[in-house]
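> Please work out how this folds:
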Amino acid sequence: MKKMVSILAAAMLLLTGCKDSSSVTEINLTDAPLQTESSASETETTVSSSAETTKTTVSTTGSTENSGAVTGSSAQQSSVPAVTTAAQGNQQQSGTTVTTAQKTVKKLRTELASLKAKGTAYGIIDAGNGRALVACTNSGSVSTAYLIDSAADRQIISVRLKNSYEQLLGVTPDDQLITSYCYSDTETEAYTDLIFYSLSDGSSRKVTCDFTTYVSLQYDRETDTIYGIFDKTLYKIGKDGSATKIRTAGQNSSYISVFLPERGIAYESEIYRNDGSGVEMAAYDTGSGSRLYGFANYYTNVLPLGGRLLCVEGTYDDVKQKSVVNAYVRDAGTGEELRRFKFYEGQHEYFTSPYSDEAVLVKWNEKTWHPSELILSRPLSGQSVKSGITLKSTVTAAYVCYLKELGLWAAAVTDGSYSKAVTQLSLIDPEQADFSKSFAKPYAYGAAMGKELDKKYESLHEITDRIERKTGVRVRIGNEVLQADEPSGYKFVPWEDNSYNDDVYSCREVLQSLEGKLDLYPAGFFDKFREPTTNGNPRVGLRILIVSSLITTTPGSTFTAGGVAYEGSAWYNIAIANNMLWDNDQSIHHEIWHIVEDLLNNSGNPLNMDNWNACNPNSFTYTNDFNSYYNHPEYENYVFTSTCWDKTPAINRIFFSRDYSTVNGQEDRATLIERTFENPYFYESAVSCRNGLEMVQMYPHLNAKLNVLAEAVRRCFGYVYWEEIARAAG
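Numbering: from 1, shown residues only. Here you go, the predicted structure:
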C-alpha cells in the first residue's frame, strides 16, 4: 500500500556577503493615505493609441470538463479595456477562449465574486493573461484547482486534483496546469509524478519521473521547461517524465530555489564545505550551466524580486519579546547586498515576483496565530505601507501571487477551517497605495550608514592603513563594521556601543597586536584571497572587522563566539572581538585558517577528507555540541590540554588540540593551526620546543593531521605557511 507523502515547498537554509555601501533600515509600518475611488464609472478605462480610443468586449466561453465542473454562464460578457500588445501575444490557444484586459481596479483592494470555494487555500500562481489559479484542499483529502479570469471576475473552470496538496509548478503556454506529487511504497525509494491538467476541459494525464527519490522541481514558463535536481545533478524533465542531464549541480545541491527568467539565472542550495557543515546559495546561468557566484546562505527563504533577490531571515528579539524578520535585497548579477531591513511587526510571510519590485507581506498575529494583515512593500527603496487590508481572526490561510500582465497582486484568503473553510480571491492594486512617504528607520545592530566612526578613533586609521599597505588586508573598526554584512547567527556590537566605551589607548594596543600577527605571514600570502574562484566568482580580498563583542542571535544557543570567519559574495570576512587580539591570544590564526579552508575549496584544492578522518580515533564522531563542548569526559584522554601539564604525557593517545576541537572537523583543524602559533613555554612538557609547530609535531596524531592540511596548502600556495613562519622565526 502506497504511503503518500505531501511535498509542499521545503524551507530553505538560510548567509551573506555585501558591499561596503550597503544600506540597512528598519521599516516602521505606518498607515498612509490610500486612494479608494470606486464609483461605477471607474470600472472601465480606455487605452489611447494614435489618437484613437479602443474598447474591447471580452467573451469567456465555458466548456465541458472530464474531471471538474465549469462554473459561470457561457453567455456572460464583460466590457473591459483592450489588452496591451504584449498581453495579446501571450493569449492562450485552448478550448477555453479568454481575452484578458488591462487592469480595471481603481481601488486598493477589490474582492472578486467569482471565487467562493469550499476548502483551505494552499497555493496560488499566475496562470498567464491576468488569470490566477488557486488550489484548495477540502477536508484534507481532496484538492481542487480554480482558474479565475481576474479582469472579468469570472471562474473559467474548476479541476479536481488527483491527490491532496499537489505542488503547483505552473501553467504552460498551451494552457496545461503542471503539478507534482511525491509518494513512497518502500522504506528506501520514493517516486515523483508529474500530472498535466487541461484547463480547457479538465482532463488529465500522469507520468512518473525517472527517479527513485524525491526531486526538487521548478517550472520556467518563459522557456516552457521543467527542471529538477537529483543526486548533485541538474536535469531537464521532459513531459513524458524522462530526464536529460544538463550539468553537475553544486556539491550536494538539494533545491532549486529561485528562477529569474529575464536574467537567465537559477539559484540552488548547495553544501560548499567539504565536511558538509556549510550551506551556500549558488547562482547558475541557465543557458550555459556555468556557475556565476555563491554566497553563504542562512536565510529562511530566498525569493525573486524584480530581477533581484529578497533574502529573509526569521529571528527573535529577547528584549522586545517579539519575532523579528530581517530582510536583505541582493543584486542578482553579483550577489552583492543592496539593502537590508528589520521588521518588529511579528511573523511575516513574503510573497514576491521576478516581474515586480514590490512585495506583499502577510503579517501573522502571534497571539491567536492567524494571518491578520496584508502589507505592501518596496524593499529596494525602503518603502512600506499598511494596505488597510485586515483579515478577520477566523482567517486560517493567505497566499499571494503577482499577475504579470495586469500588474496586480492576487490574494487567496481562507476564512474558517476544516469543513467550514471558504476561500475568496481579492485583487490588490499597488498604484492605489501612497508610497510617497518612506517609513525606513535605522536599527541598532544593522549596517546603519548614518553611524560614522567616532572621531576619537580616527587616529587609529594610521595603523589600519599601514596594515592594508603591507598585507593587502582591509581592517574596519568601530562603527565602520556596520557597513559590512553580519555573519549567520551573530550581531555586531561596535566600539561606540560598548557600555564600557572602549578607550582609544586599548584599541590602539589591539591594532598593534593584530599588525604584529599579520606581519608573521609570508609576503604575498594574502594576495591569494583576491583571486577569483575556479568558477569565476570575484573576490576583493580579506577583511577583518574588529568589534567590541558578538551577540549570539540563534534561538536557544548559549555559545559565545570571540571571533567568526565567513565568506561573502565578494569578501572573505573575519569578525573578531578586541579581547581575542591581545599578544598572548592566537585566535586570529584560528580564524585565518577557516578562511584558508574556504580558499582551498574555492581554488580547487580541497582537503583529502578520507585522510583526515583516518587520523581520528576509531569509532569517533564529532559532537556538534557548541553549547557544552567542554563537557564530554569520554574524549578527555584524547585532548592535548588534558595532558600538556604532565612532564611525560601519553603523546601517542592525543588526537585533539582542545575540547573545542571535538565539536566538528572545521574547529578541529582551526584549533590545530592555532596551537602551532602558541608559545610552548606555557607547558612543562614542551619547554624544549622552539615554537608551537615543534610542540604539535611531538604528538604523532596531531602531526598526521597537520600533514593532511599541509598537503592541500602546498598545492594552493606553493608552500606551507606555518612552516615558513616557524622557519623565519628561527
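> Please, where are all the strands along the stretch 251-400 of the chain?
Remark: strands assigned in the stretch 251-400 of the chain by DSSP state E, counting those that start in this stretch are 255-260, 265-271, 279-285, 291-296, 301-305, 308-317, 322-331, 337-343, 348-351, 359-365, 370-378, 383-390, 395-403.
> Put the alpha carbons of the last one into PDB.
Taking only C-alpha atoms (Å, rounded to 0.1, in the frame of the first residue of the first chain), the coordinates of strand 395-403 have been written out as PDB:
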ATOM      1  CA  VAL A 395      -8.900  33.600   8.700                       C
ATOM      2  CA  THR A 396      -6.600  30.500   8.600                       C
ATOM      3  CA  ALA A 397      -4.600  30.900   5.300                       C
ATOM      4  CA  ALA A 398      -3.500  33.700   3.000                       C
ATOM      5  CA  TYR A 399      -1.500  33.200  -0.300                       C
ATOM      6  CA  VAL A 400      -0.500  35.900  -2.800                       C
ATOM      7  CA  CYS A 401       0.900  36.000  -6.300                       C
ATOM      8  CA  TYR A 402       1.700  38.700  -8.900                       C
ATOM      9  CA  LEU A 403      -0.300  38.800 -12.100                       C
END
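> what's the helix or strand just after that strand packed up against?
Next helix or strand after strand 395-403 toward the C-terminus (DSSP states H and E): strand 408-415. Helices and strands touching strand 408-415, by 3 or more C-beta pairs under 8 Å, 6 or more residues apart in numbering; DSSP states H and E, are strand 120-128, strand 131-138, strand 395-403, strand 422-428. Where C-beta positions appear, they are placed from N, C-alpha and C, glycine not excepted.
> Reformat the ones you listed as TSV; add mean neighbour count and distance to Phe559.
Formatted as TSV, these follow (neighbours: other C-beta atoms under 10 Å; distance: least, C-beta to C-beta, whole Å):
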stretch	mean neighbour count	distance to Phe559
strand 120-128	24	37
strand 131-138	25	41
strand 395-403	23	36
strand 422-428	23	43
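> between those, which one is nearest to Asp527?
strand 395-403 (45.7 Å; C-beta to C-beta).
> Can you list the helices and strands that the closest one packs against?
By 3+ C-beta pairs under 8 Å, 6+ apart, strand 395-403 packs against strand 120-128, strand 131-138, strand 348-351, strand 359-365, strand 370-378, strand 408-415, strand 422-428.
> Now find how far off-centre it is within its chain.
Strand 395-403 sits 21 Å away from the centroid of its parent chain (C-alpha atoms, centre = their mean, to the nearest Å).
> And for stretch 426-439?
Using C-alpha atoms, centre = their mean, the offset of stretch 426-439 from its chain centre is 27 Å.
> mind starting the numbering at 55 from now?
With 55 as the first residue, the last one maps to stretch 480-493.
> Can I get it in PDB, CA atoms only?
Output of stretch 480-493 as PDB, limited to C-alpha atoms (Å, rounded to 0.1, in the frame of the first residue of the first chain):
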ATOM      1  CA  SER A 480      -9.000  39.600  -4.000                       C
ATOM      2  CA  LEU A 481      -7.000  41.900  -6.200                       C
ATOM      3  CA  ILE A 482      -4.600  44.500  -4.800                       C
ATOM      4  CA  ASP A 483      -3.600  47.400  -6.900                       C
ATOM      5  CA  PRO A 484      -0.200  48.900  -5.700                       C
ATOM      6  CA  GLU A 485      -0.800  52.000  -7.800                       C
ATOM      7  CA  GLN A 486      -3.500  53.000  -5.400                       C
ATOM      8  CA  ALA A 487      -1.300  52.900  -2.400                       C
ATOM      9  CA  ASP A 488       0.600  56.000  -1.300                       C
ATOM     10  CA  PHE A 489       4.300  55.200  -1.300                       C
ATOM     11  CA  SER A 490       5.300  58.900  -1.300                       C
ATOM     12  CA  LYS A 491       6.500  58.700   2.300                       C
ATOM     13  CA  SER A 492       9.400  56.500   3.300                       C
ATOM     14  CA  PHE A 493       8.900  54.600   6.600                       C
END
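> quick one: buried residues of it?
Ser480, Leu481, Ile482, Asp483, Pro484, Gln486, Ala487, Phe489, Phe493 (16 or more other C-beta atoms under 10 Å).
> distance between the ends of stretch 200-218?
Using C-alpha to C-alpha, to the nearest Å, the end-to-end distance of stretch 200-218 comes to 14 Å.
> helix, strand or coil for the nearest residue to Asn632 once chain neighbours are set aside?
Leaving aside its sequence neighbours, Asn632 sits nearest to Val564 (C-beta to C-beta, 6 or more residues apart in numbering; 5.0 Å). Secondary structure assignment for Val564 (DSSP: H, G, I helix; E, B strand; the rest coil): helix.
> pLDDT below threshold where in the stretch 355-504 of the chain?
Scanning the stretch 355-504 of the chain for pLDDT under 70 picks out 368-378, 396-401, 420, 440-442, 490-504.
> do that again at 50, thanks
493-504 (pLDDT under 50).
> Point to the helix or strand of this protein where mean pLDDT is at its lowest.
Using mean pLDDT, DSSP states H and E, the weakest-scoring helix or strand in the chain turns out to be strand 131-135, at a mean of 25.
> Neighbours of Asn667, how many?
12 (other C-beta atoms under 10 Å).
> swap that for His515, sorry
Neighbours around His515, by other C-beta under 10 Å: 15.
> Likewise for Thr518?
When neighbours are counted by other C-beta under 10 Å, Thr518 registers 21.
> again with Thr444
Residues lying near Thr444 (other C-beta under 10 Å) number 12.
> what does Asp255 give?
Under the neighbour criterion other C-beta under 10 Å, Asp255 is assigned a count of 19.
> ok, and the closest non-adjacent residue to Asn638?
Nearest to Asn638 is Asn733, by C-beta to C-beta, 6+ apart, at 7.4 Å.
> next one: phi and psi at the one you found?
Main-chain torsions, Asn733, degrees, to the nearest 10: phi -80, psi 120.
> My guess is it contacts Glu748. True?
No. Using C-beta atoms under 8 Å, Asn733 is not in contact with Glu748; the gap is 11.6 Å.
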